[in-house]
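# Any chance you could fold what I've pasted below:
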Amino acid sequence: MRIVPPAPSLVDQVVEAITDEIVSGVLTSGSRLIQDDLAQAYGVSRQPVQQALILLRGCGLVQSAPGRGLIVAPLDPGFVRDLYEMRAVLEGLAARLAAERASDRAAVEGPAYIAAGHEAVRSGLVSRKIETDIAFHHFLGELSGNTLIGETMAPHWPCLKRVMSDVLQKEEGMSQTVWDEHEDILAAIIAGRSTDAERLSREHISRAARVFIRHLEIQQESRPKQRRTLSARKFSL
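Down below sits the predicted model:
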């Protein structure tokens, strides 16, 4: 029988909602995060909001500010560099193991991920580009057969989504390059070329990191810090 995944908890839904607001730019760097306002906007009590903010602070999207409480953390190029250095190692490992353990499955299921990615590029929608990019890398993680790779990366996806969104809105040509590189990685996995798969994957992540970090370092002017109106949402228990 097929295992039905559990429904996301209320806290998970609030985490996703706040992350979406940050990634989309509704909540900008430096915006104050007031629990009562968030609870009212999302139609929940303060408790799941409080727990969600704790989780978001742990993954670097939220930070404490003297005299202001919690705010949306500015993107720090140094942290992004550290994050992508770690990600390059993990993604390289995932690609190598995928080539060694699951080349047949990669050949059957992989082309659909590539097709979805190219379609997302044609759509021009940043949200779809990010969604398909993450789906492809999750797929490689599954092919690797090493569950710790995905578990290690999981807390950092909110920050990665924010970085990708910030850059992809301005670097339009980058999206096509990303999917051309994904195709090369998948081809190496299907062919069972584990060394090439690892090298291509690490180079792919490192190349993207250089673009992201350069963008953050050039972006000297601070973003607007005024609070914006939150989207009203209702969640189910």
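
# how many neighbours does the closest residue to Ile213 other than its chain neighbours have?
Leaving aside its sequence neighbours, Ile213 sits nearest to Pro77 (CB to CB, 6 or more residues apart in numbering; 5.1 Å). Using the backbone N, CA and C atoms, a C-beta is placed for each residue, glycine as well. Residues contacting Pro77 under the criterion other CB atoms under 10 Å number 17.

# Residue numbering should commence at 26 henceforth.
From this message on, residue numbering opens at 26, which makes the last subject Pro102.

# who's in contact with Pro102?
The neighbours of Pro102, taking CB atoms under 8 Å, 6 or more residues apart in numbering as the test, are 238, 241-242.

# Filter those residues down to just the ones in helices.
Judged by DSSP state H, helices contain the following of the contacts of Pro102: 238, 241-242.

# most surrounded residue in these?
Within the ones in helices among the contacts of Pro102, Leu241 tops the neighbour count with 20 neighbours, counted by other CB under 10 Å.

# tell me the contacts of it?
Counting by CB under 8 Å, 6+ apart, Leu241 makes contact with 100-102, 105, 188, 191.

# Run the chain-centre distance for the helix or strand bottoming out on mean pLDDT in the chain.
The helix or strand of the chain with the lowest confidence, counting by mean pLDDT, DSSP states H and E, is helix 182-193 at a mean of 86. Put simply, helix 182-193 sits 6 Å off its chain's centre (CA atoms, centre = their mean, to the nearest Å).

# again with stretch 203-213
19 Å.

# quick one, strands of this structure?
Taking DSSP state E as the criterion, the chain contains strands spanning 87-90, 94-97.

# Show me where this structure dips below the pLDDT cut-off.
Across the chain, the ranges flagged by pLDDT under 70 are 26-32, 197, 244-262.

# Where do the helices of this protein begin and end?
Using DSSP H, helices in the chain cover 35-49, 60-67, 71-83, 102-126, 128-148, 151-169, 172-178, 182-193, 199-215, 219-243.

# Distance of the spatially most central residue of the chain relative to Ser49?
Closest to where the C-alpha atoms of the chain average out (CA atoms, centre = their mean) is Lys186, at 3.1 Å. Remark: distance between Lys186 and Ser49 (CB to CB, to the nearest Å) = 10 Å.
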